[in-house]
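J.: What would the 3D arrangement of this be:
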Amino acid sequence: MDEDLRERLRTAAASHRPDRARMLARIERGMAQEPPARVPRAPRSPMPWLRVAGATVAVCGVLTAGAFAVTSAGGHGERAAGRKVSPAPAAPGPASSSPGRDSGPAEDGPLSSASSVNPNSNAYWAQSEVMVRTTRPLSELTVELRIAQTGGVNTTGSWRSLPEADFSVSVREEGGFLVYRWTLEPGRSVPAGTHTFAGQYNHAEGARDPGRDEYTARAREADGPASVKGGFSGAR
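T.: Down below sits the predicted model:
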């Protein structure tokens, strides 16, 4: 911009005088006019967190209702089908056979007998029992139990239901048998009733066959001697 133009602008500005009266009149006219109507704004919620909480409660309600519906449907299904939850079956124990019984003559006068292998016997141990019944008192009685040597047979003890002091007891190996013998002591007697004599023994592992086992009972009562004998049956 040249110097001549600058000078001319300064002169014009210095000579300008604003029309104050005109300016005041315009201001007064503007103030006299009504302000334009304001568009009302939508009221704001004083507590916006209530909307969030309400939505959360609604969602939780829907989820809870759904879970309840599924659970109820499952329960009714089990009852309708008649199914029952059962515990797992227990592991089976070793099979056992029926006790052995008499296999020969077992009655003579007032004397009778029966035999069995005790049901508590197992794959390693057994107890063979002889039951002697008398309807009259006995002045003499000898009971002999013979257990066949089927492998690993050896005694672990014996007992009888009559008083211990009334009998002498012996156990020995004899001709392939383990032999138990109970002998009534002199001067003692056996009352009427049923009396048990038992021999206990180990044997080879597994079910033992007592088919070769046997017993005898020889007695004397007022009318004379009597004797019975028998065997055992069934594996043990």
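
J.: Pick out the least confidently modelled helix or strand of this protein, by mean pLDDT.
T.: helix 49-81 (a mean of 38; mean pLDDT, DSSP states H and E).

J.: Tell me which strands the next helix or strand after that helix pairs with, and in which orientation.
T.: Remark: after helix 49-81, the chain's next helix or strand is strand 107-108, criterion DSSP states H and E. Applying DSSP bridges, strand 107-108 is found paired with strand 111-117 (antiparallel).

J.: per-residue confidence averaged over the partner strand?
T.: Over the span of strand 111-117, the pLDDT mean works out to 96.

J.: now swap in stretch 205-215 and tell me
T.: Averaging pLDDT along stretch 205-215 yields 97.

J.: Report the separation between the two terminal residues of that stretch.
T.: From its first residue to its last, stretch 205-215 covers 24 Å (Cα to Cα, to the nearest Å).

J.: same deal with stretch 144-161?
T.: Stretch 144-161 end-to-end distance (Cα to Cα) = 15 Å.

J.: what mean pLDDT would you report for it?
T.: Mean predicted lDDT for stretch 144-161 stands at 98.

J.: mind listing the helices in the chain by residue range?
T.: Applying DSSP state H to the chain gives helices spanning 3-15, 20-32, 49-81.

J.: residues contacting the residue nearest to Gly224 when sequence neighbours are not counted?
T.: Excluding the flanking residues, the one nearest Gly224 by Cβ to Cβ, 6 or more residues apart in numbering is Gly109, at 7.8 Å. Bear in mind the C-beta positions are built from the backbone N, C-alpha and C, glycine included. Taking Cβ atoms under 8 Å, 6 or more residues apart in numbering, we find Gly109 in contact with 221, 223-224, 226.

J.: From Ala165, how far out is Gly109?
T.: For Gly109, the distance to Ala165 equals 27 Å [Cβ to Cβ, to the nearest Å].

J.: Could you do Ser189 as well?
T.: For Ser189 relative to Ala165 (Cβ to Cβ), the value is 13 Å.

J.: hang on, Gly193 packs against Pro137?
T.: No. With contact defined as Cβ atoms under 8 Å, Gly193 does not reach Pro137; the gap is 9.6 Å.

J.: Need the residues touching each of these two.
T.: Counting by Cβ under 8 Å, 6+ apart, nothing touches both Gly193 and Pro137.

J.: That's all I had, so thanks and see you.
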